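# Have a look; sequence and predicted model below, questions after that.
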Amino acid sequence: MKALDELTFDNRFARLGDAFSAHVLPEPIDNPRLVVASPAAMALLDLDPAVADTQEFAELFSGHKLWADAEPRAMVYSGHQFGGYTPQLGDGRGLLLGEVYNNAGEHWDLHLKGAGQTPFSRMGDGRAVLRSSIREFLASEALHALNIPTSRAACVIGSDTPVWREKQERAAMVLRLAPSHIRFGHFEYFYYTKRPEQQKLLGEHVLALHFPECLEQPEPYLAMFREIVERNAELIAKWQAYGFCHGVMNTDNMSILGITFDFGPFAFLDDFDASFICNHSDDQGRYSFSNQVPVGQWNLSALAQALTPFISVEALRETLGLYLPLFQAHYLDLMRRRFGFTSAEDDDQQLLEQLLQLMQNSGVDYTLFFRHLGEQSPQQAIARLRDDFVDIKGFDAWGERYIARAARDGDADQAQRRARMHAVNPLYILRNYLAQRAIEAAQGGDYSEVRRLHAVLSKPFEEQPGMESYAERPPEWGKHLEISCSS
């Protein structure tokens with residue numbers, strides 16, 4: 001394990017030059033202290049978890065200190081926000097401190113969010129508040145534990161620095177890690193500003209560092225785009241399978257690597273609701289839960305437009321056509337596993353759709369239904385779950401179909417079935433009310449609940465004695481929390 005002064009930097013994005021980012025130093029926050037840290041994320045940098053408790057750690061990730069080899073840069077990009085194109089966005093409150101490579105030879109961006117104003121702050125103060133920093137930290141690590149591709153979060157550093165949103169709050173910084181923070185919006189920026197040389201340089205950078213296998217193909221850019229389509233189809237299939245709603249699927253929030261990042265007003269489903277809107281600012285429901293699938297395709301088409309200098313329109317259109325079939329294949333495979341099936345049948349899609357409609361009509365808890373489905377034999381589980389449904393007759397009919405389907409699957413060993421289903425059906429998820437409870441304690445100076453919640457969510461599939469309250473259905477107030485982009 002390494003000490004903080006032993007990190008090895010190789011700042012490849014910074015070497016692209018000033019057309020791609022601006023050199024900016026982080027602005028320190030007052031009286032920095034550790035709120036929470038993730039030993040698992042720190043391990044990606046080969047860091048000893050014990051260093052999180054040192055003052056040097058708090059100072060490095062609050063803008064007070066900087067490694068000599070770090071080259072902090074604010075990245076420039078553009079993007080489509082709620083369907084409309086914004087010509088210039090960029091890191092308005094975040095900084096790419098540098099790229100660290102670990103003992104395994106992996107490169108990880110150190111991206112500090114809440115680091116102060118940059119040339120791209122657009123009248124903002126460049127700060128992040130404690131509540132949003134905690135939410136991003138918890139979501140990053142919770143999604144990773146659910147095997148959903150995501151950026152990671154190493155720590156949250158709190159402070160006494162006041163910031164104003166709807167009311168006065170305290171500033172914080174979150175250190176997030178990813179192999180790259182390049183977005184669809186990077187390619188859009190150079191396409192729409194008509195800078196072909198820089199766009200080609202960006203494309204070569206992304207191909208060489210993140211899609212090297214595509215360089216061996218006859219058309220490297222087309223091979224890269226296909227890989228991006230495939231990764232995003234699988235990512236959004238996992239979002240849908242586990243009830244995750246991102247909330248702000250603008251193209252500047254879409255990773256070129258097909259990972260989840262830029263967490264804002266996200267939420268996991270409590271009661272199943274296909275039309276659920278987690279972002280209080282999303283008046284039209286553009287980014288509702290069910291719309292995430294078509295919006296994913298829309299965003300990929302926006303990226304395709306930006307790649308027309310390198311790939312024919314016909315080839316782009318053909319590759320885009322792969323998205324929905326790939327999504328459907330991944331999604332149905334995940335849901336079969338959540339049902340406990342080890343084989344595939346043609347009617348599985350209909351079985352799933354009928355269940356989701358029954359759940360929607362009865363306000364059934366999405367996560368707990370699948371967890372309880374694997375607790376007992378199919379017959380016993382269906383008998384236990386039927387009381388959650390208003391349309392008991394409809395659910396009984398569905399239950400008969402499910403029991404017959406499970407019997408045809410041929411697994412009579414209930415212990416194996418239970419273990420298999422529990423391995424993909426979480427007991428603990430990041431419910432908004434759990435995050436809110438931890439945030440309110442942290443705002444009062446008590447960080448124990450944030451740390452406890454993070455620990456619970458790090459093992460979402462395992463029963464944890466004494467933590468039963470974290471697996472309960474939310475109270476009614478917890479289902480109606482309004483989360484906006486304000487952070």
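Arrived safely. Computed from a predicted structure; not experimentally measured.
# where do the strands sit along the stretch 151-300 of the chain?
In the stretch 151-300 of the chain, strands defined by DSSP state E, counting those that start in this stretch lie at 152-164, 168-178, 244-245, 267-268, listed in chain order.
# Output the ones you listed as a markdown table; include the columns distance to residue 71, mean pLDDT and mean neighbour count.
Every C-beta, even on glycine, is put in place using the N, C-alpha and C of the backbone. Listed next are these as a markdown table, based on distance: least, CB to CB, whole Å; pLDDT from 0 to 100; neighbours: other CB atoms under 10 Å:
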| stretch | distance to residue 71 | mean pLDDT | mean neighbour count |
| --- | --- | --- | --- |
| strand 152-164 | 19 | 96 | 21 |
| strand 168-178 | 16 | 97 | 24 |
| strand 244-245 | 34 | 96 | 25 |
| strand 267-268 | 36 | 96 | 24 |
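# From the chain's centroid, how far away is the helix ranked longest in the chain?
In the chain, taking DSSP state H as the definition, the longest helix is helix 220-242. Offset of helix 220-242 from its chain centre (CA atoms, centre = their mean, to the nearest Å): 14 Å.
# As a quick check, tell me the outermost residue of this structure.
residue 393 (37.9 Å; CA atoms, centre = their mean).
# what separates that residue from residue 378, distance-wise?
Counting by CB to CB, to the nearest Å, the gap from residue 393 to residue 378 is 19 Å.
# Buried residues, the helix or strand bottoming out on mean pLDDT in the chain. List them.
The weakest-scoring helix or strand in the chain, judged by mean pLDDT, DSSP states H and E, is strand 84-86 (a mean of 91). For strand 84-86, burial by neighbour count (16 or more other CB atoms under 10 Å) applies to residue 86.
# Note down every partner strand of it and its orientation.
Using DSSP bridges, the strands paired with strand 84-86 are strand 79-81 (antiparallel).
# So which residues make contact with the strand it pairs with?
85-86, 89, 183-185, 188, 250-253, 299, 302 (CB atoms under 8 Å, 6 or more residues apart in numbering).
# and that strand, how far out from the chain's middle?
The answer for strand 79-81 is 18 Å, by CA atoms, centre = their mean.
# can you put the strands of the stretch 151-300 of the chain in a markdown table and add distance to residue 53?
Listed next are the strands of the stretch 151-300 of the chain as a markdown table, based on distance: least, CB to CB, whole Å:
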| stretch | distance to residue 53 |
| --- | --- |
| strand 152-164 | 11 |
| strand 168-178 | 15 |
| strand 244-245 | 31 |
| strand 267-268 | 30 |
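# Quick one: closest of those strands to residue 342.
Among the strands of the stretch 151-300 of the chain, strand 244-245 comes nearest to residue 342, with 25.0 Å by CB to CB.
# packing partners for that closest one?
Applying 3 or more CB pairs under 8 Å, 6 or more residues apart in numbering; DSSP states H and E, we find strand 244-245 packed against strand 267-268.
# residues in contact with the strand it packs on?
Strand 267-268 is contacted from outside by 242-245, 247, 276, 278, 367, 429-432, 483, using CB under 8 Å, 6+ apart.
# got the contact list for the least confident helix or strand of the chain?
The contact list for strand 84-86, computed with CB under 8 Å, 6+ apart, reads 78-80, 188, 192, 252.
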